[in-house]
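[1] Quick one, fold the following:
(one chain, ligands or ions: 1)
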Amino acid sequence: MPTSPCLFVSDLHLDAALPAAVSQFIAFLQGPARNAAALYIVGDLFESWVGDDDLDFTRERVCVALRELTSAGVPCFVVRGNRDFLLGDAFARRTNIHLLPDPVLVEFGAVKLCLLHGDLLCTDDHNYQSLRTVVRDPQWQKHFLALDLPTRRALAGAARRGSQAHMDRSKYQIMDVNPAAVITTFRATGTKLMVHGHTHRPATHTHMVDGDAAIRIVLGDWYTQGSCLRVEADGRYELMSLPRS
Ligand code: MN
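    A predicted model of the protein is given here:
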């Protein structure tokens with residue numbers, strides 16, 4: 001009997017403002033994901049998440065669907081993205097999801113891959129990397145999470161508008177991964193396969209690392225359609241677009 005594949009998705013940016021994406025992802029969790037050996041969500045599951053108490057009807061629906069998936073016996077893992085880096089232990093408990101470090105080594109069958117959201121590879125964006133260092137600091141997070149929910153939501157909204165203005169000003173090149181950072185990450189993790197999202201530029205790239213070919217697969221976002229990578233235990237893979245009906 002063939003073993004089930006592992007599935008990888010990222011950059012869903014789920015939010016009440018995009019109900020079609022929310023419905024498509026919930027149908028995905030209730031459909032194809034049920035036959036997976038595991039589901040990996042590689043960051044930016046939510047458009048924003050300012051703490052595990054930041055629930056609305058949409059986020060609640062998604063959490064319930066995730067819980068139903070894990071209850072059905074499909075292990076589910078989350079790498080936090082730049083939009084939802086505050087996903088915490090209460091979220092993990094209610095969905096029965098495992099939160100992973102970024103980057104992280106994932107091994108199953110003959111597969112050994114390096115998994116990361118991808119923002120760490122965008123080292124040419126110095127402003128963003130400085131901001132990332134600040135907001136990933138446990139002390140900063142402790143202070144931020146101590147603020148009341150409306151204040152946190154207001155601050156996150158302002159940060160998103162600032163980030164949009166920064167992206168509008170920045171060159172296309174700066175917002176993509178830095179090739180040297182990719183090579184360094186391949187070397188540090190000893191892998192020949194890397195999977196990430198963040199850039200919203202779905203593709204499969206080949207990099208030469210110390211004379212060997214290494215593959216980097218970039219997942220797509222879910223703004224107008226779905227994107228999913230399936231990886232079989234024998235190493236075969238397919239990066240798929242999931243049309244929205
Ligand atoms: Mn991102």
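
[2] and residue 191, how far is that from the ion?
    Counting by Cβ to the ion, to the nearest Å, the gap from residue 191 to the ion is 21 Å. Heads up, the C-betas are built off the backbone N, CA and C, glycines and all.

[3] Can you show me the strands along the chain?
    With DSSP state E applied, the chain shows strands at 6-9, 38-41, 76-79, 98-100, 104-108, 111-116, 193-196, 203-209, 212-218, 226-231, 237-242, listed in chain order.

[4] closest to the ion out of those strands?
    The minimum distance between the ion and the strands of the chain falls on strand 193-196, with 9.5 Å, by Cβ to the ion.

[5] do that closest one and the ion meet at all?
    No. Strand 193-196 lies out of reach of the ion by Cβ under 5 Å from the ion, never closer than 9.5 Å.

[6] residues in contact with that strand?
    8, 10, 40, 42, 111-118, 121, 177, 182, 185-186, 214-219, 229, 231 (Cβ atoms under 8 Å, 6 or more residues apart in numbering).

[7] which neighbours does that strand have in its sheet, and in what orientation?
    Under the criterion DSSP bridges, strand 193-196 sits next to strand 111-116 (parallel), strand 212-218 (parallel) in its sheet.

[8] so what's residue 112 bridging to?
    Assessed by DSSP bridges, residue 112 has beta-bridge partners residue 107.

[9] Contacts only, for it.
    With contacts defined as Cβ under 8 Å, 6+ apart, the neighbours of residue 112 are 105, 106, 191, 192, 193.

[10] Would you mind naming what in the protein lies close to the ion?
    Where proximity means Cβ under 5 Å from the ion, the interface of the chain facing the ion comprises 44, 81, 82, 198.

[11] Pull the contacting residues for the third one.
    Contact partners of residue 82, counting by Cβ under 8 Å, 6+ apart, are 43, 44, 117, 119, 128, 132, 198.
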